[in-house]
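Enquirer: Here you go, sequence then predicted model.
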Amino acid sequence: MSSTRAKYLFYFSLLFFVAAASWQIVCFATTLYVRHQPSPLPSFVCENSSYDFGDISDGQDREYTFQFQVNGKRPVTIQSIAPGCGSCIEIVDFTKEPISAQKSGQATLKILVQNQRGNISKAAVLKSDDPANPCMVLTLKANVLPLDREVQENLQQEMPTLAPLVE
């Protein structure tokens, strides 16, 4: 009798294990399916919301274009871009018309580095009508190197009222 009972217990445990494993597989497959379906709500995604120019010389302003993609079924509109510091970042251009689903848009920002030294990080805030992510911070970084003496002397001869750029 105990061997029959052990046999039933073994088969019941095996059946339970197979059922549990099957349920986990079904749940996992459903999760993967749902994740890969386009959402009805838009999702505004920036591949890289920060860019580092590395070493640049004082006065060499640089531009960078951020790329955005819209996932979902509804278009997204960039409503505005506001610099965190009005005199350090300039908004050159951005996509003003609605960006359709599965399409991309862009925003070009310029970092102004005159009379700055060392590692700097400047930000701008992008506002959109994306309900999940209405604000996005875009950051430009650089290590600003001082001008060499010869360039500074030439600048001072051309414009003697300029304050010294290199100490």
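Expert: Thanks, I have the structure now.
Enquirer: Give the buried residues for stretch 49-56.
Expert: Neighbour counts over stretch 49-56 (16 or more other Cβ atoms under 10 Å) mark 51, 53, 56 as buried. For every residue, glycine as well, the C-beta is placed using N, CA and C.
Enquirer: my guess is Cys46 contacts Thr65, does it?
Expert: No - with contacts defined as Cβ atoms under 8 Å, Cys46 does not count as touching Thr65, sitting 11.3 Å away.
Enquirer: So the two - more neighbours on which side?
Expert: In terms of neighbours (other Cβ atoms under 10 Å), Cys46 is the more surrounded of Cys46 and Thr65; the figures are 18 against 12.
Enquirer: quick check: mean pLDDT across the helix or strand containing Ala6?
Expert: Assignment of secondary structure by DSSP states H and E places Ala6 within helix 2-35. Mean pLDDT, helix 2-35: 67.
Enquirer: hang on, Glu90 in a strand?
Expert: Yes - Glu90 sits within a strand when classified using DSSP: H, G, I helix; E, B strand; the rest coil.
Enquirer: Renumber starting at 35 from here on
Expert: I'll keep to 35 as the first residue from here, and by that count the last item is Glu124.
Enquirer: Show me what it bridges to in the sheet.
Expert: When bridges are taken as DSSP bridges, the partners of Glu124 come out as Lys144.
Enquirer: Show me where the protein has its helices.
Expert: Remark: helices of the chain, listed N- to C-terminal, are 36-69, 183-192; assignment by DSSP state H.
Enquirer: okay, and the helix or strand of the protein with the least pLDDT?
Expert: Using mean pLDDT, DSSP states H and E, the weakest-scoring helix or strand in the chain turns out to be helix 183-192, at a mean of 61.
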